[in-house]
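In: A predicted structure for the sequence below; I have some questions about it.
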Amino acid sequence: MRNHIITVSAVCVGLVTALFGTNFFLNYREMQTNELLSLWSAIALLLYCLGIYTTALLFQQLSKQELDIEPSFLVLAGVMGLLVGRLLIHLYLSFLTSILSPGVILAIFPIALFLSVVGIHTACKFKRRKSSRNILILLLRAIIPCAIAVPLMMVYNNGFPGVTASAEIRQQWAEKEFHRYTTIVNSFKICQPIIDRVGNIKFIAPYYGKNYLIYDLGSSGDDGKLNLEIIGDKGVGIANLPYNQFTDASSVKLTYQNKTEQLNCRK
């Protein structure tokens, strides 16, 4: 019964962590759709593993038994289940059909998840001592958390200096990361409604909130947002606008002195 509870808890926490945590790592970047899908999948997998590991570790530490579940085993089994499920779908596509139908796509996740659940439940049966001196166990206990944490930290630290960095540094970073950022900056600098409020603009830098662009080459179906701190010689405003490959400052929502307005820069 306890193994069932651990399995369900680990899977649920892993799924919730992946579902609500993935987008946190996708901000402050510009990428193509295929790059987004690859990065999203990798982050979701790591967060799923993080949820499994922390849940299993909590159950292990709360247990009064010396012989108990091994969190690293649960993570490995959960990942292996997902990979086997993905492999089965790949084989199906390779040998039975070349068409990636919606039904096949929808089948990938539940099959892989089911095998992951089976793997985690099976791993719960392989008990290890909490104070084990087995070299392999000790290595797994060291490697598994690092294998989860290090990639997540690398993805999170994608070069953005952070909102506490100076506006000049943040603007320089954005001009390198977003290929139309300089155009947006120049559009803001000649936008009279903005100038009337914040004065002559000194810096325009990414701020708290969404700052990203997802696009397809040769397509106009872009998806992006920018939240920018606009620093002028009279004050500071926060601009919010949709961002795509054709964005300019023709229309922007500006918050200045606790007042939010929709401004039109083409007047």
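Out: Great, that's in hand. Residues are numbered from 1 along each chain as shown.

In: pull the longest strand from the protein.
Out: With secondary structure taken from DSSP state E, the chain has its longest strand at strand 223-232.

In: Work out the gap between that strand and the centre of the chain.
Out: Its chain's C-alpha centre and that of strand 223-232 lie 20 Å apart, by Cα atoms, centre = their mean, to the nearest Å.

In: Next, the buried residues of the helix or strand following it.
Out: For strand 223-232, the following helix or strand on the C-terminal side (DSSP states H and E) is strand 236-242. The neighbour-count check on strand 236-242 (16 or more other Cβ atoms under 10 Å) flags Val236, Gly237, Ile238, Ala239, Asn240, Leu241 as buried. Just so you know, the C-beta spots here come from the backbone N, C-alpha and C atoms, and that holds for glycine as well.

In: Does the third one touch Glu229 like I think?
Out: Yes - taking contacts as Cβ atoms under 8 Å, Ile238 lies within contact range of Glu229: 6.1 Å.

In: closest to Asp216 among the buried residues of strand 236-242?
Out: Checking these against Asp216 with Cβ to Cβ, the nearest one is Leu241 at 20.6 Å.

In: which neighbours do Ile238 and Glu229 share?
Out: Counting by Cβ atoms under 8 Å, 6 or more residues apart in numbering, the common neighbours of Ile238 and Glu229 are Tyr207.

In: what's the burial count for Asn227?
Out: 19 (other Cβ atoms under 10 Å).

In: From Cys146, how far out is it?
Out: 33 Å (Cβ to Cβ, to the nearest Å).

In: mind listing the strands for the stretch 1-150 of the chain?
Out: Remark: strands assigned in the stretch 1-150 of the chain by DSSP state E, counting those that start in this stretch are 29-32, 67-68, 128-129.

In: Format those as CSV; extra columns: distance to Ile195, mean neighbour count and mean pLDDT.
Out: Output for these, formatted as CSV (distance: least, Cβ to Cβ, whole Å; neighbours: other Cβ atoms under 10 Å; pLDDT from 0 to 100):
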stretch, distance to Ile195, mean neighbour count, mean pLDDT
strand 29-32, 27, 17, 85
strand 67-68, 66, 15, 80
strand 128-129, 67, 16, 82
